[in-house]
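# next comes the sequence, and after it the predicted model I'd like to discuss.
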Amino acid sequence: MLKHNSLSFRLIVFSGAWILVTLVIIGALLIYFYYDHASAHYDEHVSMHLEELIEASHFDENGIYRLDFTPSDPRYHNLYSGWYWEVQQSGIMLKRSDSLGDNSLSLGPIRPTGTTTVYETLGPQQEKLRTHVTELDLDTDQAPLVLLATAPMTGVKDDVANYSNHIVGSFMVLGIGLLLAVVLQVKVALQPLKAIGAGISDVREGKASKLPSEQLEDVKPLVDELNNLLDHNAVLLKRARNQLGDLAHAVKNPLTVIKNEARNLDPELQELLIQQTGDISRNVDHYLARARTFGTEKVLGSRSSIKAVVEDLVYAMQRLYQDSDLIYDFSPLNDCWFRGEGQDLEEMVGNLMDNACKWANGRVKIRGNCLNDQLTLTVEDDGPGIPDGKIDEVMRRGHRLDETKPGHGQGLGIVKDIAELYGGTLTLGSSELGGLKAELVLPAA
């Protein structure tokens with residue numbers, strides 16, 4: 001079904017309205033022309049019979065009007081047929097057709113002349129007549145004769161009505177055919193635009209890096225400009241990432257030197273410098289991660305496979321926690337994709353899995369599900385878990401419940417920050433395995 005605010009709907013409606021108006025105007029003109037033609041056809045017949053009357057009219061030696069023969073059309077013998085003729089002299093009827101019965105034709109406001117006049121009048125049955133009247137001067141000693149011949153307008157109207165029905169039916173078929181042609185033409189003509197839209201969707205979801213270049217000549221400049229824009233965007237993104245990396249390198253190296261040199265200072269000053277440089281280093285990592293994510297959260301083409309990231313992280317955790325003899329339970333994740341950068345996904349899932357592996361007694365469970373453009377990823381363990389009252393506390397950056405475990409307390413905070421930048425959420429709760437359940441909700445691709 002076409003949407004009211006779509007280009008297809010507007011083209012079809014405007015074209016349909018134009019076709020309708022054009023067909024109505026042309027149909028009206030054709031009917032008018034046919035009416036004129038039908039009237040002229042009837043006029044030819046009436047004029048012929050009027051000429052017969054003129055030819056047959058004369059006065060005898062006694063001055064009495066004589067008619068050698070009557071018009072040949074048999075309709076002049078059918079009573080009230082509308083086909084009438086009459087000869088008058090000084091307003092007195094001399095001869096008339098049998099079809100008139102005892103009636104006479106009225107001239108009305110017409111004043112006869114030697115030229116035939118055509119007009120419409122009412123007959124004896126109040127029917128409309130197309131009347132021809134002329135004045136004939138046969139004898140100078142006699143008053144001029146007035147000859148009238150008529151044809152019924154119903155014949156003209158019936159012919160026009162029959163013609164109009166054919167025209168209306170034909171034009172309805174023609175209009176439907178033209179409208180179907182417009183619909184087909186619009187659908188075919190807009191296919192390149194729909195293909196461009198599908199191509200942009202593929203680029204946004206990471207299924208393609210550029211729009212297909214095989215396009216019609218009319219839309220090829222648009223496709224080329226969009227591809228150039230994508231290339232420019234990729235260059236800017238790469239440059240920004242390189243600059244962020246350079247900044248991190250430029251800051252961390254001096255911090256490392258300061259931290260190493262601090263070990264030679266007094267214990268009190270040493271502890272202060274190491275603490276402060278550690279805070280600076282963690283803040284640099286945090287804000288660089290936020291900047292990187294904020295710059296890529298809506299970049300076209302950002303699409304990452306959950307299956308690939310989880311499998312790589314499981315492999316890394318197996319090496320990192322090989323002494324724990326953990327079982328990694330993760331279901332097939334072939335249909336789950338994250339709409340974002342793979343580095344950010346690795347950062348989030350990696351922190352959650354690392355946290356689970358630290359506390360798990362023997363099992364880590366990872367599940368993923370995509371529904372309605374939303375990705376839900378859960379990481380669970382069978383460890384001691386976190387009391388409900390302590391969940392908000394562990395979500396704060398730099399805070400740890402158990403100082404005996406390695407780490408800086410930054411992981412969950414980083415995961416939460418990155419998830420929120422993508423419009424997602426991180427929630428913690430109790431797992432069916434007995435430990436902690438971390439649920440990550442992110443946009444799906």
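Nice, thanks for sending it over.
# the domain parsing of the protein - what is it?
According to the domain assignment given by automatic domain parsing, the chain is divided into the following structural domains: 8-159, 220-296, 304-443.
# return the most buried member of those.
Ranked by mean neighbour count, the domains of the chain are led by domain 304-443 with a mean of 17 (mean count of other C-beta atoms under 10 Å). To be clear about C-beta, it is placed using only N, CA and C from the backbone, and glycine gets the same treatment.
# can you get me the start-to-end distance on that one?
Distances were taken as C-alpha to C-alpha, to the nearest Å; on that basis the terminal residues of domain 304-443 are 11 Å apart.
# how near is residue 113 to residue 85?
19 Å (C-beta to C-beta, to the nearest Å).
# just residue 350 next, same as before
As for residue 350, its distance to residue 85 is 111 Å (criterion: C-beta to C-beta).
# and whichever strand or helix holds residue 440, how far out from the chain middle?
Residue 440 is part of strand 436-443, with elements assigned from DSSP states H and E. Using C-alpha atoms, centre = their mean, to the nearest Å, the mean C-alpha position of strand 436-443 is found 37 Å from that of the whole chain.
# walk me through which strands that strand pairs with, and which way each runs.
Looking at strand 436-443 with DSSP bridges, its paired strands and their directions are strand 374-381 (antiparallel), strand 425-430 (antiparallel).
# show me the contacts for residue 125.
Residues touching residue 125, when contacts are defined by C-beta atoms under 8 Å, 6 or more residues apart in numbering, comprise residue 80.
# can you classify it by secondary structure?
coil (DSSP: H, G, I helix; E, B strand; the rest coil).
# for it, phi and psi?
Residue 125 has phi and psi values of phi -100, psi 20 when expressed as degrees, to the nearest 10.
# for the stretch 1-150 of the chain, which spans come out with low pLDDT?
Applying pLDDT under 70 to the predicted model, the residue ranges of the stretch 1-150 of the chain that meet it are 1-3.
# go with 80
By pLDDT under 80, the weakly predicted segments of the stretch 1-150 of the chain are 1-6, 108.
# and the longest helix along the chain, what does it pack onto?
The single longest helix within the chain, with elements called by DSSP state H, is helix 7-56. In this structure, helix 7-56 makes packing contacts with strand 85-89, strand 128-136, strand 145-152, helix 153-189, judged by 3 or more C-beta pairs under 8 Å, 6 or more residues apart in numbering; DSSP states H and E.
# off-centre distance for that helix?
Computed by C-alpha atoms, centre = their mean, the chain-centroid distance of helix 7-56 equals 39 Å.
# name the surrounding residues that touch the helix or strand just after it.
From helix 7-56 onward toward the C-terminus, using DSSP H and E, the following helix or strand is strand 57-59. Strand 57-59 is touched from outside by 65-68, 87, 136, 138-139, 142, 145, 147, with contacts defined as C-beta under 8 Å, 6+ apart.
# and the helices in the stretch 251-400 of the chain?
Along the stretch 251-400 of the chain, the segments classed as helices by DSSP state H, counting those that start in this stretch run 267-296, 306-320, 342-359, 391-394.
# rewinding a little: now, which of the contacts of strand 57-59 sits nearest residue 49?
Closest approach to residue 49 among the contacts of strand 57-59 (C-beta to C-beta): residue 147, at 9.8 Å.
# in contact with the closest residue to the closest one other than its chain neighbours, which residues?
The shortest distance from residue 147 to any residue other than its chain neighbours is 5.0 Å, reached at residue 53 (C-beta to C-beta, 6 or more residues apart in numbering). Listed by C-beta under 8 Å, 6+ apart, the contact set of residue 53 reads 67, 71, 85, 87, 147, 149.
# ok, so of these, who is nearest residue 419?
Ranked by distance to residue 419 (C-beta to C-beta), those are led by residue 149 at 99.0 Å.
# from residue 19, how far off is the closest one?
For residue 149, the distance to residue 19 under the criterion C-beta to C-beta works out to 45 Å.
# need the contact list for residue 317.
For residue 317, counting by C-beta under 8 Å, 6+ apart, the contacting residues are 326, 328, 353-354, 357, 364.
# biggest separation within these, which pair?
Spatially, the most separated pair among the contacts of residue 317 is 328 and 354, at 12.7 Å (C-beta to C-beta).
# how about the contacts of strand 57-59 in CSV, adding distance to residue 160?
Shown next, in CSV, are the contacts of strand 57-59 (distance: C-beta to C-beta, whole Å):
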residue, distance to residue 160
65, 38
66, 40
67, 34
68, 37
87, 31
136, 32
138, 38
139, 42
142, 42
145, 34
147, 28
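# so which of the residues you listed comes closest to residue 426?
The shortest separation between residue 426 and any of these is 107.8 Å, and it belongs to residue 147 (by C-beta to C-beta).
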